[in-house]
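K.L.:
test case, fold it:
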Amino acid sequence: MRFLFLILLICFFSFSFCFSFSDLKNSFNLKSKNEPKWIQTRDGPIGLGSKNEQHQSEIISITNPEETEYIATCSRNGEINFYRVLMYPNIYPYWTHLYYGKLTLPHDTIIKDCLFSKDQTQLIVLQSTKEEENNFNTVTILDLFEIIDVNTRDEYFISNPKINDHVKNLGFQINHPRDNVNFIWSDKKNIENSQISYDNDKYQKELNNNGHIFNNKKSINKILSNDIHTRQQNSFMNNDEQVNNKIRMSKDSNNLIILEGTDHWIIDGSSNNKYQPLRDVKDSQFSTISDSFYTISMDNLLYVYRKNDESKKSNWVKQKINLEHELKNKNFQQLLVVKKNICDQNNDDDNNDYYDNNNNDKNNNIKRKPKSELLFLYNINKGNNRETLIIIEIDSNFKIKIIQEIILTKILKEIRNGDHYGDDNINLRNELLIKSSPDGKYVAVTAVGSNVIQILQYNSNLKKYINHEQIILKSNHKNNDNENNNKISTINFYQFQFYYLQIGTLNGNYLIHRNNKEESPECFPLARRISFYIKERPIQPKRTHLYKHGNRRSNYIIDGLWKHPLFLLSILMFLILLYFQPIITKLEYLLFAGILNKIGNAMNNFKKYINYLPIILSLLSIFEIVTQQPIFVNDWPAHMSHIEQFLKEKTFDYSKYMHHHGPNTYASGWQYLYSIFYFITNSGSLTLFQILFAVFEVIIMILIFRMISKKLKLPLIVAILAIASNRLHLYNVRVLVNDFPSALGLYIVFYLFLNQKWFWASILYSFVVATKLNFIFYSPVIFLILLHSTGIIKTILLCFVMFIEQIVLAIPFLLANPIDYLKNAYDISRTLLWEKSRNFKFVGLEIFDDSRWHVLLLCLNLIVLVIFLKKVNALLKRIRVGSIDWKRLIIFSLMFSNFIFITFSRGLYTPFFVWYFYSFSTICYFSGIPNIFILIFWISHEVLFRWWDSHILEMWITFFYFLINIYILISTFSNENSFINILEKNPGSLGKDTNHDKLDQKKSKNINKEKKDK
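P.N.:
Purely as a prediction, here's the structure:
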């Protein structure tokens, strides 16, 4: 009763602490009033390969659709840089994208604009190049670069990252060639002429279904050659009267507008690139809510063009939007179309059932209000030359309403200030830049050649845009180009949990500013996406269910499995098995003792042959590595990227370590260990890495065999189960999880403890913790073992040595950036995703993400650990150091303490299997559970600890996984005599077991008799 009362008391204080802590956190989370609303998160090239990232000329365009997996920056001299999204962009908001690769066009190419298709499988580039027949003439062409999934499983990739040698003929250079998935963009003609092996079948279906334009690129270039460029452009770059060329794309990627001065061409991709010229047009923009587009004519009239499927002559019907009575002295220059009220207008498609594919509950007959959008018209008043931004609301029925007029005179005066603006050459090609965020909340206004950006924010209370922040770009002193140093050439927005403003400069820099306070609304899908490659959670999650009970549906995903009838039935079955375990053990011993002894004796007879099992398995593993290659190698490419930054670029600052999978979250020991592996494997060859890990697998198998069967004198089947896991082999050798070398080091520490090598065991254990922080879970038991085996003084000295070792290993990184090193390498606040967890998924999303649940598990963890340490402490006082009982106790204590942490860990990912499964059979053996349960539990862990297609199925699996672990814990703590099973003969153990202390005494007596006889 006292123990139960203690648990309830700790839980009560834990929950109270969580409530009070959250209130204190909110009350003290006050930011300085002088803190900028927009902060710079990227001031130039960063990360591995940053030297190749810098553009050599003006960035002419930045393109990214709303999905924003890739961002492309196009410079005038024919360079296109690609940036790929991180796996967790909302967890690391400073680093949403990382430099991915570069596409270099022929040297005589001048890029005018570039644009991604909606799904980013096509990149359209408007460019001018010299004619093949006449090198003195330049023609404008529209080039199409399609995405290619490069087959990274070919031999050239596996033996060494030489994929760039095979794609360089396509003009593409990949920055991280070791990644599992490598995409490049290339012209079809270049692809056909190259020898590269690629797999593009899975994208072809998407290209056809999405109705992509430009299936016939020749017809489009014929349009451009015959109708657009009828004049020569001999010196395009030096021509002050150059024409502004732009591309506009419809929201479904089926239509395109090409702008060149006052001549525009609308191309219909769904009608075999049928086109229609638009003459005397200032600007054109597609609608965000319908298949239509708007234009501003030279006589300052606003038109809308709608699809005309009936007419054979023209695909579009022109309709005038009347603004004469509302606006006078109008002189429109530019047009911007912005989404309005994205949260109100998002239909149910954005809130589809995340967890069920069956979505038959939609009522298509529901009448919805017509969607609306905002038109921003940049206007210069003819009477007084006052510059204004006129905002018009227009709905899908083309009803208009003028809602605001913003005077830009003062804003543009600051933007065009002489100190901020640039020289006269830039003024001659002046262009006002107006861009909006994807949801329309922010609008940025600036000009080419300026370094000032004015941000406007939509105020929902005032229902209008107000001045929000002014961003002034600072000069980059590292760049010697003072003339165009960080002068703006183009801007764009993208959006995740925060808002991001992209800035391209005249000297080729790519900069990013992030909103520091305002977060994206929950209705925006990417704001809810924790992992980019996992679908975002719904705003108000719909009820997912497996079973219906009348009209009632159970929301198992959100609320957990608590209310499910099978949940209570499983708990009841668990209690029954636990209650009748002694009876099951006795029945099993009576019925199967003879069979088990025969199996044990047979194994002992073949023991010398079974000892060769690790070597046989290793040879099979190497054969598998040579003949087959892995499809997925987890985070290994990221590890190699961090190591190359450390070795080649001499980077010690942990804030600079970044890969698409995330930052470097491992301590200094990992850097040194993997640097050695990098040299051994010929600069990170995947095949050699796998062979190296296969050798490690043999070593750890031999260690476990010798430790379990010889040192601890346990039945041979326990040792066989410890190394027989195919899933461990898959993760360790094939997937190359970085926990495996640390696990090997830990088992060497175990072996040193058995041989009482305290100093070297302490040194190695400290290094193991410096490679993977999770192995600190063993430290309480290690401290207790050292205390009883070496005394208080030596224990303190050994702990001091371990601490000093951590400091010495971390010195280079602490000197470079101590805050980021400690924050990344020892981040104990890092949370794991419910979607990817193999533990406690059954509690549901709401409880799993609750910090109070985390605190409760931590308290339970500590309570169980303290009780266990108390029992171990009592046993250590009774046992002689070095005896077989002592060896069994310390190994079981080390393994079981880690198993307690595994049981109560809120989240476990699939690669964490290596943390405990080598010791699982030994833990089950010492817990005294029946033999049949040992085999069932071992098979269950082997089969269930993996990824499954269904969230509901995974919830049930994690529930049964938790019940198995709790069963083992309760069996171990069930009665006062439970720990005596470690020291004495266990009638429920697998195979034949004997009292080894008595055998040792008999052997010593026989040796003494022989000496006397001699």
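K.L.:
direction included, what does the helix or strand containing residue 500 pair against?
P.N.:
Assigned by DSSP states H and E, residue 500 belongs to strand 498-505. Using DSSP bridges, the strands paired with strand 498-505 are strand 488-495 (antiparallel), strand 510-519 (antiparallel).
K.L.:
what mean pLDDT does the longest one have?
P.N.:
Per-residue pLDDT values over strand 510-519 give a mean of 87.
K.L.:
can you offset everything so residue one is 33?
P.N.:
Renumbered: residue one is now 33, and that last one reads strand 542-551.
K.L.:
which outside residues touch that strand?
P.N.:
63, 67-77, 85, 87, 91, 94, 105, 113, 125-126, 473-474, 489, 503, 505, 518, 529-537, 559 (Cβ atoms under 8 Å, 6 or more residues apart in numbering). From N, CA and C alone the C-beta is placed, and that goes for glycine too.
K.L.:
which ChimeraX command selects the buried ones in these?
P.N.:
Here is the ChimeraX command that picks out the buried ones among these, judged by 16 or more other Cβ atoms under 10 Å:
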select :69,70,72,73,74,75,76,77,85,87,91,94,105,113,125,473,474,489,503,505,518,529,530,531,532,533,534,535,536,537,559
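K.L.:
narrow the contacts of strand 542-551 to those in strands?
P.N.:
In strands, defined here by DSSP state E, the members of the contacts of strand 542-551 are 70-74, 91, 94, 105, 113, 474, 489, 503, 530-537.
K.L.:
identify each buried residue in stretch 78-87, please.
P.N.:
Using 16+ other Cβ under 10 Å as the test for burial, stretch 78-87 gives 78, 79, 80, 81, 85, 86, 87.
K.L.:
so residue 646 touches residue 733, yeah?
P.N.:
Yes. At 3.5 Å, residue 646 counts as touching residue 733 under the criterion of Cβ atoms under 8 Å.
K.L.:
what touches both of the two?
P.N.:
residue 755.
K.L.:
what's the longest strand in this protein?
P.N.:
Under DSSP E, the chain gives strand 170-182 as its longest strand.
K.L.:
please identify the buried residues of it?
P.N.:
Buried positions in strand 170-182, judged by neighbour count with 16+ other Cβ under 10 Å: 170, 171, 172, 173, 174, 175, 176, 177, 178, 179, 180, 182.
K.L.:
contacting residues for the closest residue to residue 706 other than its chain neighbours?
P.N.:
Distances taken as Cβ to Cβ, 6 or more residues apart in numbering put residue 675 closest to residue 706, at 5.1 Å, once the chain neighbours are dropped. Applying Cβ under 8 Å, 6+ apart, one finds that residue 675 lies in contact with 703, 706, 707, 710, 716.
K.L.:
who wins on neighbours among those?
P.N.:
Ranked by the number of neighbours (other Cβ atoms under 10 Å), these place residue 703 first, at 25 neighbours.
K.L.:
my read: that residue touches residue 678, true?
P.N.:
Yes. With contact defined as Cβ under 8 Å, residue 703 counts as touching residue 678 (5.5 Å).
K.L.:
before we move on, the earlier item: okay, the angle between the strand holding residue 532 and strand 70-74?
P.N.:
Per axes from the mean of the first three to the mean of the last three Cα atoms, to 10 degrees, the angle that strand 530-537 makes with strand 70-74 is 60 degrees.
K.L.:
centre of the chain to strand 530-537, how far?
P.N.:
Strand 530-537 has its average C-alpha position 21 Å from the chain's average C-alpha position, going by Cα atoms, centre = their mean, to the nearest Å.
K.L.:
quick one: mean pLDDT for that strand?
P.N.:
For strand 530-537, mean pLDDT is 92.
K.L.:
cool, and stretch 865-872?
P.N.:
Here stretch 865-872 scores 87 as its mean pLDDT.
K.L.:
same question, stretch 707-724
P.N.:
Mean pLDDT, stretch 707-724: 90.
K.L.:
before we move on, what about stretch 448-457?
P.N.:
In this model, stretch 448-457 carries a mean pLDDT of 51.
K.L.:
before we move on, what about stretch 171-183?
P.N.:
Here the average pLDDT along stretch 171-183 is 78.
K.L.:
same question for stretch 652-663.
P.N.:
For stretch 652-663, the mean pLDDT works out to 73.
K.L.:
now do stretch 964-979
P.N.:
pLDDT averaged over stretch 964-979 gives 89.
K.L.:
what does stretch 906-921 give?
P.N.:
Mean per-residue pLDDT for stretch 906-921: 86.
K.L.:
put the alpha carbons of that stretch into PDB.
P.N.:
Extracted in PDB, the C-alpha atoms of stretch 906-921 (Å, rounded to 0.1, in the frame of the first residue of the first chain):
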ATOM      1  CA  ALA A 906      21.100  -5.900  -1.500                       C
ATOM      2  CA  LEU A 907      22.300  -8.900  -3.600                       C
ATOM      3  CA  LEU A 908      25.700  -7.300  -4.300                       C
ATOM      4  CA  LYS A 909      26.400  -7.200  -0.600                       C
ATOM      5  CA  ARG A 910      25.900 -10.900  -0.300                       C
ATOM      6  CA  ILE A 911      27.900 -12.100  -3.300                       C
ATOM      7  CA  ARG A 912      31.600 -12.600  -3.600                       C
ATOM      8  CA  VAL A 913      33.200 -10.400  -6.400                       C
ATOM      9  CA  GLY A 914      34.200 -12.600  -9.300                       C
ATOM     10  CA  SER A 915      32.000 -15.600  -8.600                       C
ATOM     11  CA  ILE A 916      29.600 -17.000 -11.200                       C
ATOM     12  CA  ASP A 917      26.700 -15.600  -9.300                       C
ATOM     13  CA  TRP A 918      28.300 -12.100  -9.300                       C
ATOM     14  CA  LYS A 919      28.900 -12.300 -13.000                       C
ATOM     15  CA  ARG A 920      25.300 -13.300 -13.600                       C
ATOM     16  CA  LEU A 921      24.000 -10.500 -11.400                       C
END
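K.L.:
out of everything not next to it in sequence, what's closest to residue 214?
P.N.:
Of all residues not flanking residue 214 in the chain, residue 182 sits nearest, at 4.5 Å (Cβ to Cβ, 6+ apart).
K.L.:
A helix includes the residue nearest to residue 706, no?
P.N.:
Yes. Assessed by DSSP: H, G, I helix; E, B strand; the rest coil, residue 675 belongs to a helix.
K.L.:
and the gap between it and residue 200?
P.N.:
24 Å (Cβ to Cβ, to the nearest Å).
K.L.:
any idea which helix or strand carries the residue nearest to residue 277 when sequence neighbours are not counted?
P.N.:
Ranked by Cβ to Cβ, 6+ apart and with sequence neighbours excluded, the top spatial neighbour of residue 277 is residue 144, at 3.8 Å. Element membership for residue 144, per DSSP H and E: strand 142-148.
K.L.:
what is the rounded mean pLDDT of that strand?
P.N.:
Mean predicted confidence for strand 142-148 is 89.
K.L.:
what is whatever helix or strand comes next after it packed up against?
P.N.:
Downstream of strand 142-148, the next assigned helix or strand under DSSP H and E is strand 154-162. For strand 154-162, the packing partners by 3 or more Cβ pairs under 8 Å, 6 or more residues apart in numbering; DSSP states H and E come out as strand 142-148, strand 170-182, strand 277-281.
K.L.:
angle of strand 154-162 against strand 277-281?
P.N.:
160 degrees.
K.L.:
okay, now the sheet partners of strand 154-162, with direction.
P.N.:
Counting by DSSP bridges, the strands paired with strand 154-162 are strand 142-148 (antiparallel), strand 170-182 (antiparallel).
K.L.:
how far does the first one sit from the chain's center?
P.N.:
In terms of Cα atoms, centre = their mean, the centre of strand 142-148 is set 29 Å apart from its chain centre.
K.L.:
then stretch 678-689?
P.N.:
Centroid separation for stretch 678-689 versus its chain: 21 Å, with Cα atoms, centre = their mean.
K.L.:
cool, thanks, signing off.
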